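Participant: no FASTA, just this:
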């Protein structure tokens, strides 16, 4: 019976993949292209790992690689819950299935796909790189299978434990952190690669000595132990991975049983609690000015906090704006001017202001009857951005300066950041009125079909315009740095940049207001396509 269930679930997984590819030619092309790129990368990694054979630090590299793979399998269900339809076992709740056969069936189905194949290639390469002798290769086969099953079971256990969260709105909000994880991970990999390039693979040995006893890396560590003749250590390492697999399957089965038998109370709320709840203004709302300006500021801040797409954009911009200058400073290749990257990344959030409203923009449009109304609306949105961007850009600039120890250039760096931020707010307001586009609420696309050209013109055209608007402050900075006694006057750049940024922002809002008031129907049509 369990074999029949396993075969049915595996065929179901294949059917889901096949039917998904039939939905559109674009999706099929994207899947094939991603599969080809992934497999080529896996093949290159496999060849690279095989080339490590004979290197004294090979075991440290491969156990670290396997540990990173396991970590990836653990976090992917949290950030990309929609990537595998079979991750949600509650879809099978009406079927007469027992937990143990269902666990075996879902575990087998999890081995179907590009991800498991990619992981298998890396595990095979890792085993080959440390295996020496026939017995070591035999143990390597067991180790590869065991490590792959641990990775898959880990992903399943994490998904089952959090399936209620992942299928809710909060779960979708959690996915916005994927941009932050990817940005930080890419910088950590870059930083680690530079460290290894300067000091060699010996830097990995301390971590390797620990990770070779941590499942599933301990399975690959067992292959190296057999190669060295340490059979007792190999048995212990394999037992650790086998115990981890058994424990993960037990945890998975327990959560699966609870999901299949317990009612979902995640959305239940007592009527008394709902009735007694009283809507009050937030603490920040009490500090905002009265009238339209305060209302617009609070509404924009609520969008940032509650709307998944808006939150995703802000989290990514905040992360990258901090990571780029800080990591460059850590690597010794940074410059004080990299701190302006934070102002640039955050200033982008001013572009396409009305796109985040989607079709609900008609409510805003009804309240705009004059150029003055449009100006106050844009000014409130700019103030909401400044509440976050101004202190954050200042913090990044001061932090970068402290890491570089170049305090003499802090005033000019702050001045340039403020001027760039003001220029981006000005061009962003104008671009929001001239090149609005819709942001789809579902999926991962940030531009509605057919509007990609508008998005490119709005963002990149605005960025070029902002750079041109900053030209006076940039020229003044260069002149003070090259002139003979200019270093004594670089402090002037701080007030000049602040005043220039404020002035250019007000000018940009003034110029964008009449265009916004005149193009309300066109803006509504553009932002309602998603």
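Facilitator: That came through fine. As the structure is a computational prediction, the values presented were derived from the model and not from experiment. Numbers count the residues shown, from 1 in each chain.
Participant: how many neighbours does residue 292 have?
Facilitator: Burial of residue 292 is recorded as 16 neighbouring residues (other CB atoms under 10 Å). From N, CA and C alone the C-beta is placed, and that goes for glycine too.
Participant: Let me know whether it touches residue 380 as I believe.
Facilitator: Yes: taking contacts as CB atoms under 8 Å, residue 292 lies within contact range of residue 380: 6.7 Å.
Participant: ok, residue 22 to residue 12 distance?
Facilitator: With the distance defined as CB to CB, to the nearest Å, residue 22 ends up 16 Å from residue 12.
Participant: Below-threshold pLDDT in the stretch 301-450 of the chain: ranges please.
Facilitator: Applying pLDDT under 70 to the stretch 301-450 of the chain picks out residues 441-446, 448-450.
Participant: 90 - rerun?
Facilitator: For the stretch 301-450 of the chain, residues meeting the criterion pLDDT under 90 lie at 301-365, 367-369, 400-410, 412, 431-450.
Participant: Centre of the chain to the longest helix belonging to the chain, how far?
Facilitator: For the chain, the longest helix by residue count, based on DSSP state H, is helix 371-404. In this view, helix 371-404 has its centroid 22 Å away from the chain centroid, taken as CA atoms, centre = their mean, to the nearest Å.
Participant: Name the SS class of residue 440, please.
Facilitator: coil (DSSP: H, G, I helix; E, B strand; the rest coil).
Participant: tally of neighbours for it?
Facilitator: 16.
Participant: Please look at residue 398 and residue 410 and confirm they touch.
Facilitator: Yes: if you go by CB under 8 Å, residue 398 and residue 410 touch, sitting 7.0 Å apart.
Participant: More neighbours: those two, which one.
Facilitator: Legend: neighbour count by other CB under 10 Å for residue 398 and residue 410, higher for residue 410 (20 against 15).
Participant: What residues sit buried inside the longest helix of the chain?
Facilitator: For helix 371-404, the neighbour count (16 or more other CB atoms under 10 Å) marks 373-386, 388-390, 392-394, 396-397, 399-401, 403-404 as buried.
Participant: what do you get for stretch 522-530?
Facilitator: Buried, per 16+ other CB under 10 Å, within stretch 522-530: 523-524, 526-527, 529-530.
Participant: same deal with stretch 299-307?
Facilitator: Per 16+ other CB under 10 Å, stretch 299-307 contains these buried residues: 300-301, 303-304, 307.
Participant: right, and residue 300 touches residue 381 too?
Facilitator: Yes: using CB under 8 Å, residue 300 is in contact with residue 381, at 5.2 Å.
Participant: how far does the helix or strand hosting residue 245 sit from the chain's center?
Facilitator: Using DSSP states H and E, residue 245 maps to helix 231-261. Computed by CA atoms, centre = their mean, the chain-centroid distance of helix 231-261 equals 30 Å.
Participant: residues near residue 464, how many?
Facilitator: Residue 464: 11 neighbours (other CB under 10 Å).
Participant: Helix or strand with the lowest mean pLDDT in the chain?
Facilitator: Every helix and strand in the chain was compared by mean pLDDT, DSSP states H and E; the lowest is helix 271-276, with a mean of 41.
Participant: Tell me which stretches of the stretch 1-150 of the chain form strands.
Facilitator: Secondary structure of the stretch 1-150 of the chain (DSSP state E, counting those that start in this stretch): no strands located.
Participant: So, low pLDDT: which residues of it?
Facilitator: In the stretch 1-150 of the chain, residues with pLDDT under 90: 1-39, 41-42, 45-46, 48-61, 64-65, 68, 71-115, 132-133.
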